[in-house]
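A.B. asks: Structure for this input, please:
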Amino acid sequence: MANYSKRTPEQLKAMSERMSGVNNPMYGKRVVYSPEECKRRSERQMGENNTFYGKHHTEETKARWSDIRSERVGEQTNHWKGGTYVKNHNSSERRFIFREEVIKRDNNTCQMCGVQNEKGMHVHHIDLDNSNNDINNGITLCKYCHESTGLHKKK
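C.D. replies: Got it, this is the predicted structure:
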């Protein structure tokens, strides 16, 4: 696989080890944003304020990503589960329906900070099981509250 970083793999590994666990300044801390801060952060990145607004990825970049993805198959992917396969596991259509139902139920409102937003709301699986798409297992969160839970990534 091609290395597109300016640092060597050894440098990246050393950096990662230096900043892991208790050495990471964010270790054990939970960031909680006020509703005003959540709204301000969200608005700051919308439309023309977004740093990527009006820009497009070059064909070279798209080709590079395609190469990287094609090299990561089977055990090399992030989604490898030991070779198991569950038919229709969390199909995109079911996820979409689940997401829409939860956001509609919660009236496009973050259930932690109360910010109401038409776009960019996240749906968090309460039990952390992404295959459990029961509407009672979902809660609507803004991006910042979802990140602050530390639970938006699978354990």
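
A.B. asks: Please enumerate the strands of this protein.
C.D. replies: 122-125, 138-141 (DSSP state E).

A.B. asks: pLDDT averaged over the last one - what is it?
C.D. replies: It stands for strand 138-141. Strand 138-141 shows a mean pLDDT of 90.

A.B. asks: hey, C-alpha coordinates of it in CSV?
C.D. replies: The C-alpha trace of strand 138-141 is given here as CSV (Å, rounded to 0.1, in the frame of the first residue of the first chain):
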residue,chain,number,x,y,z
GLY,A,138,-32.0,5.6,19.2
ILE,A,139,-31.5,9.1,20.4
THR,A,140,-30.9,12.3,18.4
LEU,A,141,-27.7,14.2,19.1
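
A.B. asks: Remind me what that strand packs against, helices and strands.
C.D. replies: When contacts are defined as 3 or more CB pairs under 8 Å, 6 or more residues apart in numbering; DSSP states H and E, strand 138-141 sits against helix 92-105, strand 122-125. (Glycine included, C-beta is placed from N, CA and C.)

A.B. asks: contacts for it?
C.D. replies: Contacts to strand 138-141, defined as CB atoms under 8 Å, 6 or more residues apart in numbering, come from residues 98-99, 101-103, 105-106, 108-112, 121-126, 149.

A.B. asks: and it, which strands flank it?
C.D. replies: According to DSSP bridges, strand 138-141 has the following sheet partners: strand 122-125 (antiparallel).

A.B. asks: shaky segments in this structure?
C.D. replies: Within the chain, the segments meeting pLDDT under 70 span 1-5, 78-79, 83-91, 151-155.

A.B. asks: if we go to 90?
C.D. replies: 1-53, 62-100, 110, 112-121, 125-135, 137, 142-155 (pLDDT under 90).

A.B. asks: follow-up on the earlier one: now list the buried members of the contacts of strand 138-141.
C.D. replies: Among those, the ones that count as buried by 16 or more other CB atoms under 10 Å are 98-99, 102-103, 106, 109-112, 121-125, 149.
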